[in-house]
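J.: My questions are about this predicted structure, shown below with the sequence.
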Amino acid sequence: MRRFLSVVAATAALLLLTSACSAASGGGDDLAVGTSVEVSAGESATLAVTVTDVRAGTVEDLSTMGVDASSLAGRTPWFLTVTMGLTEGTIQDVDRDLMPSLAPDQWSGEVSNGADAQPLQVIGDYDCTVDGSANAGFTNDEPLVDCVALLTADSAELESVTLVDVGTWAVTAG
């Protein structure tokens, strides 16, 4: 009987943890662009990660940003603007090992034609935010503003974007 109760308690704890993790990433439902996901980054630090903008661009846009786009004909770049900033604690409280990575290889996208969007890997920096506001890091008062580009076929629409271990945001046509 004691063993049975231990198994039941362990199972209940696992279900509770699983549902808590699901709630942190939107509970399995896609988030709206502009919605933040809070991520623990230490005992007394919490970060908010937000996809603030998703827009289709052109290969010419990439060229204007200094990216060699000569091999990308027939592709559409989708530009994601994402912010990450403190909601609790200070920069000194942040455990860097617990911070989500915003690197391109941590992003994926679901596409209307059933394919996956591919992250654009670029050596060097480029700023694909709408207003040129990308920055290199965050402070106690100002969030990091970053940009990621995902590539789809020209005829495909990006339907959602996902940041590993954080959440999925629905992309609405617009």
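T.: Thanks, I have the structure now. Residues are numbered from 1 along each chain as shown.
J.: When you work out contacts or count neighbours from here on, use the C-alpha atoms and nothing else.
T.: Fine.
J.: can you map out the strands along the chain?
T.: Using DSSP state E, the strands found in the chain span residues 31-32, 36-40, 46-56, 75-88, 107-111, 116-119, 144-153, 158-163, 167-170.
J.: Any chance you could list what contacts the fourth one?
T.: For strand 75-88, contacts defined as CA atoms under 8 Å, 6 or more residues apart in numbering pick out 44-59, 62, 128-130, 138-154, 158.
J.: Then the fifth one?
T.: For strand 107-111, the surrounding residues in contact (CA under 8 Å, 6+ apart) are 116-119, 150, 152, 156-164.
J.: let's see it at 6 Å
T.: D116, A117, E157, L158, E159, S160, V161, T162, L163 (CA atoms under 6 Å, 6 or more residues apart in numbering).
J.: With the last one instead?
T.: Residues outside strand 167-170 that contact it (CA under 6 Å, 6+ apart) are S25, D30, L31, A32, V33, S160, V161, T162.
J.: Most neighbours out of the residues you listed, which is it?
T.: V161 (25 neighbours; other CA atoms under 10 Å).
J.: ok, that residue to V82 distance?
T.: Distance of V161 to V82, given as CA to CA, to the nearest Å: 11 Å.
J.: gap between D97 and N140?
T.: Where N140 is concerned, D97 sits at a distance of 18 Å (CA to CA).
J.: Those two: which is more packed in?
T.: Taking other CA under 10 Å, D97 and N140 do not tie; N140 has more neighbours (13 against 9).
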